[in-house]
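**Student:** Need coordinates for the below:
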Amino acid sequence: MNIGDIAEMAGVSRAAVSRYLNNGYISEEKSERIRKVIEETGYKPSVMAQTLRTKKSKLIGVVLPRIDSDSISGTVAGIGSSLNAAGYEMLLATTDNSPEKELEYLRVFSNNRVDGVILIATVLTREHRKLIKEMKIPVVVVGQCLSGCLSVFHDDEHAGRELGQCMLENGRKKVGYIGVLKDDVAVGQKRCEGFLQAMAEAGIAFPQ
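**Tutor:** A predicted model of the protein is given here:
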């Protein structure tokens with residue numbers, strides 16, 4: 001079954017069916033007739049044909065360091081929900097915290113037909129910055145702030161400062177700090193800087 005068959009059964013033109021399938025303008029009466037035929041026949045348009053026609057695959061590549069993390073799995077679930085609501089699907093690529101694998105997957109997605117990439121980043125190297133800048137498709141970085149690129153991130157410095165203040169306000173006298181490598185600017189560097197600010201404001205010399 002093709003668009004011509006749907007048009008004939010609904011008593012409309014092929015152009016009307018095409019507009020319906022691509023969210024173009026069509027009268028409510030024609031839209032309802034087409035909808036009923038599609039529902040009754042179970043017709044599904046060819047993904048490849050739609051891609052060739054619209055130049056869009058409705059696929060988004062998502063690159064993440066690991067899936068067995070509560071915060072990351074929650075983030076991925078939210079991304080998936082939002083993409084599905086917008087008519088998109090996601091392709092997941094897990095890197096096991098390897099910057100080299102991140103670069104590899106970014107290249108794979110860049111060279112294949114996806115409409116954009118979401119990178120849940122930990123460490124952004126010089127190679128990351130160069131590659132992202134050169135990519136011809138939209139890229140969103142999650143978890144880090146990358147100049148010149150749409151980024152979604154926490155205020156980690158402020159969070160670290162508030163955490164330190166909270167501990168001191170609750171009477172803690174001996175405070176320790178366990179963090180990650182400072183190559184991770186958000187979690188490793190900014191959170192630590194915020195925490196140290198809180199200690200300094202309280203007059204506590206904190207060894208580093």
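
**Student:** Contact partners for the nearest residue to His154 once chain neighbours are set aside?
**Tutor:** Among residues not flanking His154 along the chain, Ala186 sits closest, at 6.9 Å (Cβ to Cβ, 6 or more residues apart in numbering). All C-beta spots, glycine's among them, are computed from the backbone N, C-alpha and C. Residues near Ala186 by Cβ atoms under 8 Å, 6 or more residues apart in numbering: Gly143, Gln144, Cys145, Phe153, His154, Asp156.

**Student:** Any figure for the gap between Ala186 and Val142?
**Tutor:** 10 Å (Cβ to Cβ, to the nearest Å).

**Student:** Secondary structure of the residue nearest to His154: a helix, I assume?
**Tutor:** Yes: secondary structure of Ala186 (DSSP: H, G, I helix; E, B strand; the rest coil): part of a helix.

**Student:** Which is the succeeding secondary structure element to the worst-scoring helix or strand of the chain on mean pLDDT?
**Tutor:** Within the chain, no helix or strand scores below helix 47-54, which has a mean of 54 by mean pLDDT, DSSP states H and E. As assigned by DSSP states H and E, the chain's next helix or strand after helix 47-54 is strand 59-64.

**Student:** so what strands line up beside that next one?
**Tutor:** strand 89-94 (parallel), strand 116-120 (parallel) (DSSP bridges).

**Student:** quick one: buried residues of the longest one?
**Tutor:** Burial within strand 89-94, assessed by neighbour count using 16 or more other Cβ atoms under 10 Å, is assigned to Met90, Leu91, Ala93, Thr94.

**Student:** ok, of the residues you listed, which one's closest to Leu124?
**Tutor:** Using Cβ to Cβ, Ala93 is the member of the buried residues of strand 89-94 that lies nearest Leu124, at 16.6 Å.

**Student:** Need the per-residue pLDDT for the closest residue to the closest one other than its chain neighbours.
**Tutor:** Of all residues not flanking Ala93 in the chain, Tyr105 sits nearest, at 4.1 Å (Cβ to Cβ, 6+ apart). For Tyr105, the model assigns a pLDDT of 94.
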